[in-house]
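Colleague: no sequence on this one, just coordinates:
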């Protein structure tokens, strides 16, 4: 919970790949959802406190990657997004990370482009 900064719209991801921490900007829509959800969570029976997990199971433990993957797969199946013979693999949750990184880099580059 301490890693959510709604005022700045930034999430801190601690001890990620290569033991680094990263700041992840979030958009106004996600910030609004979190702003509405966090007070509800504080009134629930989930673990409380600044060190508790933002996304947690009902017992307060962190979500397993398989649980998150299943939540990603369900709407993908409903939308009938699947691989084709000889085609690309089905989208994976991890693919979103790469898509975000590429888009963020492209947008950052464009923001520094000279204006003519």
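Modeller: Looks like it came in fine. Note that the structure is predicted; figures quoted are calculated from it, not measured.
Colleague: which phi and psi does residue 62 have?
Modeller: phi -70, psi 150 (degrees, to the nearest 10).
Colleague: Give the other helices and strands that the lowest-mean-pLDDT helix or strand in the chain contacts.
Modeller: In the chain, the helix or strand scored least confidently by mean pLDDT, DSSP states H and E is helix 93-111, which has a mean of 74. Applying 3 or more C-beta pairs under 8 Å, 6 or more residues apart in numbering; DSSP states H and E, one finds that helix 93-111 contacts helix 65-78. (Each C-beta comes from the backbone N, C-alpha and C, glycine too.)
Colleague: So which elements touch the helix it packs on?
Modeller: Using 3+ C-beta pairs under 8 Å, 6+ apart, helix 65-78 sits against helix 93-111.
Colleague: Any buried residues in the helix it packs on, and which?
Modeller: For helix 93-111, the buried set under the neighbour-count rule, 16 or more other C-beta atoms under 10 Å, is empty.
Colleague: relative to helix 65-78, how tilted is that helix?
Modeller: 80 degrees (axes from the mean of the first three to the mean of the last three C-alpha atoms, to 10 degrees).
Colleague: Need the contact partners of helix 93-111.
Modeller: 25, 68-69, 72 (C-beta atoms under 8 Å, 6 or more residues apart in numbering).
Colleague: Take those and write them to JSON lines, including pLDDT, neighbour count and distance to residue 100.
Modeller: Putting those into JSON lines (pLDDT from 0 to 100; neighbours: other C-beta atoms under 10 Å; distance: C-beta to C-beta, whole Å) gives the following:
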{"residue": "25", "pLDDT": "87", "neighbour count": "12", "distance to residue 100": "10"}
{"residue": "68", "pLDDT": "89", "neighbour count": "13", "distance to residue 100": "16"}
{"residue": "69", "pLDDT": "88", "neighbour count": "14", "distance to residue 100": "17"}
{"residue": "72", "pLDDT": "88", "neighbour count": "15", "distance to residue 100": "14"}
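Colleague: Throw the residues you listed into JSON lines and include distance to residue 31, thanks.
Modeller: Formatted as JSON lines, these follow (distance: C-beta to C-beta, whole Å):
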{"residue": "25", "distance to residue 31": "10"}
{"residue": "68", "distance to residue 31": "20"}
{"residue": "69", "distance to residue 31": "25"}
{"residue": "72", "distance to residue 31": "21"}
